[in-house]
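Undergrad: next comes the sequence, and after it the predicted model I'd like to discuss.
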Amino acid sequence: MELLGTVVGPRHVRVGFLRRQLEVVKRKLSRLRLVRTQYAWLLLSKSFQASLRHLQRSLDLSDAGDEWHRVDDVFRSAIRELRGSPRVLPTDEDLFHLPSYQGGLGIVSHARVAPFARKAMAEQAGRQLQLILHPSSDLNQPPITQQRTYTDVANAVRYKELSDGLDLYGKLQLAENGTKLGRKPLTSLPFEPGLRFTNSEFKALLHLRTLCPGEAHICHCGQHNTPGHDDICRDRVQIKTWRHDKVRDHLASYLKAAGVSVSTEKKLAPEDPHNLMRMDLVLSHANGAGAYAMHDITIHSASALAPYIASITKDWQQKDGMQLLRAGLSHQAAKKVDKYRHVVSLDFVPLVFSAGGALSAHTMDLFKAWRSIVPSWDHLQRLIAFALVRKRVTNFRLVN
């Protein structure tokens, strides 16, 4: 019997109902190829993937659990089609399933979540029935465990198992994916030109986030085309200066909007024509009292940081990716401080980013301070995130 958007009855009735609902979802997914890849992803992640979520709680498939795997296979096929690669990787299931703040794509596995959804529903329904049938029962009972609590615990276990099985670059990329800046390109609505990707660029973004190599196993430069190689390959078009300048200009523009006087690319020794040292951002008091802080921007890929991290961390396999990433970024920040130690007399804080969106500790502290004064801070972060990833997706070579 069908009621309230679900069905009760024998196994074949429940299974048939789910399969009919899945056919509706398949028809929706088949139309994704009619729109740009970025738009298709947003439709998939923000709308279509939720089409059958309610059934995880209301449809009893305890005797037909494989049906949820059938649903997952449909969504995984849709993701792979958007990614545009023939590769099926052993890490795909975890990276597709894990939420974006844990470095995944956030297309949640129905088979993994359904048991927790049913369990949470049963506990909640049991509590409500108890209150209806026995109004005088003890109300000081422990709170009901929410579905999210169950899934958070399970995801934490899967994240650790996945991270522990990755190589050093994979651990760093997974950590970058989960940062605020790392998530922005995947989740932002493209409401202005600077937030839009071409189809090939967005496919490259999905490759990067799922640790999927691009073209042939051997790159044109002669090296193995492993994940992360595209970021450091000398055979690619280099737009590092463009990326650096975009980040600098976005920060300068929004700080000026906050009432801060900002100079960019200011020479540190203008009286010496042979001294070409410049500072990316020089912040001055609005009343003309002079400069009070200087910031130099530097951006490093996880692939470039990995050798140093491996050299100082013998047991990196047991460490969290973000911990390792921060160690590499802190090292780069210290190098900047040493470079300008005897040149800059003002407060100097290097702004150190990873190419995937992670920040050094001092950069994070500075961003927290700026957040309280800069209007539309979230949009500034979005623009910086797109500037960082634009270089990566431009250099990425997809499978022809």
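TA: Looks like it arrived, so ask away. From a predicted model like this one, the values you see are computed outputs, not experimental measurements. Numbering: from 1, shown residues only.

Undergrad: got the phi/psi numbers for the closest residue in space to residue 265 that isn't next to it in sequence?
TA: The spatial neighbour of residue 265 that comes closest, neighbours along the chain excluded (CB to CB, 6 or more residues apart in numbering), is residue 278 at 4.9 Å. Every residue, glycine included, has its C-beta placed from N, CA and C. Comment: the main-chain dihedrals of residue 278 come out as phi -130, psi 160, following degrees, to the nearest 10.

Undergrad: what of residue 236?
TA: Here the main-chain torsion angles of residue 236 (degrees, to the nearest 10) amount to phi -100, psi 160.

Undergrad: next one: the one 5 residues further on
TA: When read as degrees, to the nearest 10, the backbone of residue 241 gives phi -60, psi -40.

Undergrad: and the pLDDT for residue 141?
TA: Here the pLDDT value assigned to residue 141 is 75.

Undergrad: mind checking the SS state of it?
TA: Residue 141 falls in the coil class when you classify it by DSSP: H, G, I helix; E, B strand; the rest coil.

Undergrad: ok, now how distant is it from residue 134?
TA: Shown here: residue 141 relative to residue 134, a distance of 12 Å by CB to CB, to the nearest Å.

Undergrad: next: residue 57.
TA: In terms of CB to CB, residue 57 sits 24 Å off from residue 134.

Undergrad: same check on residue 260?
TA: Separation of residue 260 from residue 134 (CB to CB): 63 Å.

Undergrad: between the two, who's got more neighbours?
TA: Neighbours were counted for residue 260 and for residue 134 using other CB atoms under 10 Å; residue 260 has more, 19 against 9.

Undergrad: what pLDDT, on average, does stretch 322-336 get?
TA: Taken as a whole, stretch 322-336 carries a mean pLDDT of 93.

Undergrad: any chance you could list what contacts it?
TA: Contacts of stretch 322-336 from elsewhere in the structure, counted by CB atoms under 8 Å, 6 or more residues apart in numbering, are 168, 171-172, 175-176, 178-179, 296, 298, 300, 302, 305-306, 308-309, 312-313, 316, 350, 352-354, 358-363.

Undergrad: same question for it: list its buried residues.
TA: Taking 16 or more other CB atoms under 10 Å as the basis for neighbour counts, the residues of stretch 322-336 that come out buried are 322, 324-329, 331-333, 336.

Undergrad: let me know the closest of those residues to residue 201.
TA: Closest to residue 201 out of the buried residues of stretch 322-336 is residue 325 (23.9 Å), distances taken as CB to CB.

Undergrad: ok so, going back, for the contacts of stretch 322-336, which ChimeraX command selects only the ones that are buried?
TA: The command below creates a ChimeraX selection of those among the contacts of stretch 322-336 that count as buried (16+ other CB under 10 Å):
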select :168,171,172,175,176,178,179,296,298,300,302,305,306,309,313,316,350,352,353,354,358,359,360,362,363
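
Undergrad: strands of this protein, start to end?
TA: Listed in chain order, the strands found in the chain under DSSP state E are 2-3, 6-7, 261-267, 278-284, 291-295, 297-300, 347-348, 351-354.

Undergrad: winner for burial among those?
TA: Mean neighbours per residue, mean count of other CB atoms under 10 Å, is largest over these for strand 351-354, with a mean of 25.

Undergrad: which parts of the stretch 251-400 of the chain are helices?
TA: Taking DSSP state H, counting those that start in this stretch to define them, one finds helices in the stretch 251-400 of the chain at 302-312, 321-340, 361-371, 377-395.

Undergrad: an error on my part: the question was meant for the stretch 101-250 of the chain.
TA: With DSSP H, counting those that start in this stretch, the ranges of helices along the stretch 101-250 of the chain come out as 110-133, 147-164, 168-177, 180-187, 199-209, 229-232, 240-257.

Undergrad: worst average pLDDT in these?
TA: When those are compared on mean pLDDT, helix 229-232 scores lowest, with a mean of 82.

Undergrad: confidence-wise, which helix or strand of the protein is lowest on average?
TA: When the helices and strands of the chain are scored by mean pLDDT, DSSP states H and E, strand 2-3 comes last with a mean of 71.

Undergrad: pairing partners for that one, with directions?
TA: With DSSP bridges as the criterion, the sheet partners recorded for strand 2-3 are strand 6-7 (antiparallel).
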